[in-house]
Structures are given as structure tokens and as C-alpha cells.
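In: My questions concern the predicted model and sequence given below.
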Amino acid sequence: HVKVWNTRTGVLEKSVQPHGGFIYSLQWTPDGKEIAAAGVEYSVKMWNVGGDWKLSRELAKDWDDTIYAFAFNEDRPGELAVGHRNGKVKTWSYANESLMEDTLVHRGKVLGMTYVTGGKYLVSAGEDSFVQIWDTKARQQYMTLQHDSPVRCCGPHPKEQVFATGDETGIVMVWRMGDP
């Protein structure tokens, strides 16, 4: 369930059931008008948060694998990248509900995703201990980085051309992006 609480009063204001099982990733849309959740039901569900909390759309409901991570591209409204258990990353236009790209990126689960450098690059963190960086404009691999154990998460710096990755051993690596 997604439950909306008033932290001042402690009162439960809304409760909606997004998925029938685990939720692996949860994010607000860049405009803050919807919240999205993904997990074992092979889809990304989005709810309008303007008061009614109704399901506004379900993306990729025909995909055939668990979604472990996803990220919105703030610089390309309507673009969403989704990481799957089978190592695939799919770029999806949720504005017109169409698949833009489907690429095998990791040998194992994609556990974290983020856009960096103003949406210029897409970063994926994998169970295979690799961090893959994709040039979103050229739609090709830009760079591969490596940890010594599965990489569980990644996150961008809000202002700098920097992102961080964290692995299962507790190591956090900070990476500075630079143009070639």
C-alpha cells in the first residue's frame, strides 16, 4: 500500500494499493504531480497526487520481467528509463506510451538508475558489479565503471557533474563526469 500520512497530526489521509508484491523503486515525477512505483508486477504505476490519488496510468504492463529501478529524465519531460531483473534497460516515453529503446546492459539485475549532467547521461548500477553510463543523445554506451561487489544504488548531485554509487560491502564511490 501507498499510505499518505499527515506528519503533524499523525492521521492517515489516503491509502492506495499500488502492487501485489514488493515495490523496488519509488519516485515522484519531475513536475511533482504524480508518484510512480515499480516492482514485481512488471510495470510502473503512477498516481495523481492532486487530491484524489487515483491511478493515472500504468506503463509497460506487458513487459515480462520484474522492474528493480527506474529514473525520470528531468530534461526530457515524459522520458523514463527502467531497469529489469534480466539486465535490460528500457527507455520509455510515458508521454505517448511507447518504447524508445531496449538494451541488454548488465549480466544480472539492474538495481539502481539515475540521469546525470542535465539528463545527458543515464547511469545504471548492476548486480554484476558494474556501473554503466549511457550517452542519452547518441543512444550509445559512454563508459563502464566497476566496484568489487554488486552495485545497489546510484544518485546524482543536484548541481555538480557528480554522481555516487554504493555497493553491497558498504563502499560509496563518487564519480566526477567530464567530457572527453
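Out: Cool, the structure landed.

In: Quick check, central residue of the chain?
Out: Centroid-nearest residue in the chain, with C-alpha atoms, centre = their mean: residue 70, separated by 1.7 Å.

In: Tell me the helices and strands packed up against the helix or strand encompassing that residue.
Out: Taking DSSP states H and E as the criterion, residue 70 maps to strand 67-72. If contacts are counted by 3 or more C-beta pairs under 8 Å, 6 or more residues apart in numbering; DSSP states H and E, strand 67-72 sits against strand 23-28, strand 34-39, strand 79-84, strand 110-116, strand 121-126. No exception for glycine: its C-beta is placed from N, CA and C like everyone else's.

In: what residues does that strand touch?
Out: Strand 67-72 is contacted from outside by 24-25, 27, 29-30, 36, 38-39, 42-44, 60, 79-85, 109-115, 122, 124-125, using C-beta atoms under 8 Å, 6 or more residues apart in numbering.

In: List the strands paired with it, with their directions.
Out: strand 79-84 (antiparallel) (DSSP bridges).

In: Starting from the strand it pairs with, tell me the next helix or strand along the chain.
Out: Later in the chain than strand 79-84, the nearest helix or strand by DSSP H and E is strand 88-93.

In: List the buried residues in that next one.
Out: 88, 89, 90, 91, 92 (16 or more other C-beta atoms under 10 Å).

In: got the residues you listed as a markdown table, with distance to residue 66 and pLDDT columns?
Out: Below are the buried residues of strand 88-93 laid out as a markdown table (distance: C-beta to C-beta, whole Å; pLDDT from 0 to 100):
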| residue | distance to residue 66 | pLDDT |
| --- | --- | --- |
| 88 | 11 | 87 |
| 89 | 14 | 88 |
| 90 | 13 | 86 |
| 91 | 18 | 86 |
| 92 | 16 | 82 |
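
In: All set, thanks.
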